[in-house]
Structure formats: structure tokens, C-alpha cells
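Enquirer: Provided below are the primary sequence and the corresponding predicted coordinates.
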Amino acid sequence: MPVANSLKGLGIAALVAGIVAFLLGLVPVLGILLGLGAAAVAGFALLKRAQKGLAVTGLVLAGLATIASISTTSSLFTGVRPVASESVSVPDKPVETPAAKPTTTPEPKESPRVSEEPEEAEKPEKTQTPEPTKEAEIQPGLTDDEKSAMLDEDLKFALFVESSYQELLAVDSSLWGGYLVGVRVEGSDAYFTLQVDRSTPEGKDLGQRAAQALSTLLTQETVDELGISWVIVEDGAGVVIDQKMSSPLI
């Protein structure tokens, strides 16, 4: 698919630009220029809906390179001014101390009588603790239905599908993605339903290939956001074909 290849190449270009900027980020001025250029390439890749993981990684590396280069450039031109220590002048001749004059001890005076009734100490004013507002209440997490919709959208984006997974069958009938008919999340498990029969060799092979691919296809961002631990592939009758632990590559 020409469009898919071009988008993939754009995502790889964003990642490569971010790596180059990150490696040269400590070089004054040059690191800033490379970081800004890499950020521009990564931003363009995200706008063109290229591979999201590669583009985001390139953008993060570009930002780190820009910050590092700004720091080294600032320290290079500013420099550190040493603080001059104050010199202490030592007198050449010792200072003559005047002789102490004898002092007369004053007679003790009668201390004023303390009032028998102690004055009442001022009581501190009570401060009212403001009641927590409704906005401070903890918002509930995502439901399984909301997670399922987000997973379906991310998977279509990763497979370059506009509306239906059956679009992939027009490209190649052996692609497992063309047989996807359902995506859902239940707790920490992600279920993917294929319109195949597990009892047939073709259906079992498609299910195993789908489980292996999906366990690494989902990005780390998606897995963390949705809390996915296992990828489970089932046939049209709901029978599990294969399952893998989620292990994203990016």
C-alpha cells in the first residue's frame, strides 16, 4: 500500500531525526537547531497520522535534545563569576584596652508586686476549615465499554483501516486483520473476535498469528492507559484460539 509505506517512512524519519538530535543535544547552538528540526518532523508525522509510537518517540527525543542544548549554550555564554572573598584587615599594632574602672554594686530595689489575679490570655481565634468542594472528588475510571472503543480506534489506526477491518481482505485474503469482527476489553484482558472456525487448520493458524501480532502491535501507551495484561483471540463462537501476554515493542 503506497500510502501506508509513505506514512511508515514518515514515522521512521521522525524517529531517526529525534535520535540524531538527542545524540548531538549537548553541542551548543547546533543541538537547538537539530532539536527544533526533529520536533518539526515529528509534529508533521503526527499530523499526517503516521505511526504514532515512532513519531511520539522522535518528538520526545527532540525535546530532550533541545533542552540539553539550551542548557549547555546558556552555561557557555554566561559563565560562572567567582565570588571575591572579603579580606579582613589586621591592625599593625595591638589596640590598647582601657583599664576597667571599679564599679559599685547597686542596692537591690523592691520588685513590683505581682497582681494576684492573672490576666486572661488572649484566646486564638478559631479558623474554619473550608469544606472540600465537589470538584475535589475523585473521578471514576474508564468503563470497559469506553476502553473497548478506545482500543478499537487505536487498532484501526495501527492497521491503517478507515472504517471496517474487512478492507484488509481486498489487499490480501491471508491477513488475519481482515477477519476481525469484534474488539472488547474486560478488566485487564483484551478480547479480539475473528470470523473463523477454531476447529479448522486455517482458523487456528489465523488465530495464533493474530495473538502473536496483537501482543506486540499495541503500543506501551495504549497498554498502560487501558490497563491491558493479556491479549485473547477467539473465534466467531467465542471459543478461545490463543492468548498471549501483552509485550509492546514501542
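Expert: Right, received. Where do you want to start?
Enquirer: Next, the buried residues of the longest helix seen in the chain.
Expert: Criterion DSSP state H: the longest helix present in the chain is helix 52-78. Buried residues in helix 52-78, counted by 16 or more other Cβ atoms under 10 Å: 52-59, 61-66, 68-70, 72-73. The way it works is simple: take the backbone N, C-alpha and C, and place the C-beta from them, glycine included.
Enquirer: ok, the closest residue to residue 239 other than its chain neighbours to residue 174 distance?
Expert: Nearest non-adjacent residue to residue 239, counting by Cβ to Cβ, 6 or more residues apart in numbering: residue 198, 5.0 Å away. Using Cβ to Cβ, to the nearest Å, residue 198 is found at 17 Å from residue 174.
Enquirer: More neighbours: which of these two?
Expert: Neighbours per residue, other Cβ atoms under 10 Å: of residue 198 and residue 174, the larger number sits with residue 198, 19 against 12.
Enquirer: Doesn't the more buried one belong to a strand?
Expert: No. Per DSSP: H, G, I helix; E, B strand; the rest coil, residue 198 lies outside any strand segment and is coil.
Enquirer: For residue 53, see how far away it is.
Expert: Separation of residue 198 from residue 53 (Cβ to Cβ): 31 Å.
Enquirer: The residue nearest to residue 166 when sequence neighbours are not counted: neighbour count?
Expert: Leaving out its chain neighbours, the residue that sits closest to residue 166 by Cβ to Cβ, 6+ apart is residue 178, at 5.8 Å. Residue 178: 21 surrounding residues under other Cβ under 10 Å.
Enquirer: element containing the closest residue to residue 196 other than its chain neighbours, please.
Expert: Among residues not flanking residue 196 along the chain, residue 203 sits closest, at 3.5 Å (Cβ to Cβ, 6+ apart). According to DSSP states H and E, residue 203 maps onto helix 201-217.
Enquirer: Go through that helix and flag the buried ones.
Expert: Neighbour-count burial for helix 201-217 [16+ other Cβ under 10 Å]: 203-204, 206-207, 209-211, 213-215, 217.
Enquirer: Identify, from these, the entry nearest to residue 144.
Expert: residue 214 (17.8 Å; Cβ to Cβ).
Enquirer: what sits against that closest one?
Expert: Residue 214 is in contact with 155, 190, 192, 231, 233, 244, counting by Cβ atoms under 8 Å, 6 or more residues apart in numbering.
Enquirer: swap in residue 167?
Expert: Applying Cβ under 8 Å, 6+ apart, we find residue 167 in contact with 161, 178.
Enquirer: Make residue 1 into 445 and carry on from there
Expert: Renumbered: residue one is now 445, and that last one reads residue 611.
Enquirer: doesn't residue 683 make contact with the residue nearest to residue 640?
Expert: No. Using Cβ atoms under 8 Å, residue 647 is not in contact with residue 683, being 9.8 Å away.
Enquirer: Was I right to think residue 623 contacts residue 641?
Expert: No. The criterion here is Cβ under 8 Å, and residue 623 misses it with residue 641 at 10.8 Å.
Enquirer: higher neighbour count, those two?
Expert: Comparing residue 623 with residue 641 by other Cβ under 10 Å, the one with more neighbours is residue 623, at 23 against 17.
Enquirer: picking that back up, pLDDT score assigned to the residue nearest to residue 640?
Expert: pLDDT recorded at residue 647 is 90.
Enquirer: for residue 640, same thing?
Expert: Among the per-residue scores, residue 640 holds a pLDDT of 93.
Enquirer: Repeat that for residue 454.
Expert: Residue 454 is assigned 66 on the pLDDT scale.
Enquirer: And for the one 5 residues further on?
Expert: Model confidence at residue 459, expressed as pLDDT, equals 71.
Enquirer: same thing with the one 3 residues further on?
Expert: Residue 462 carries a pLDDT score of 67 in this model.
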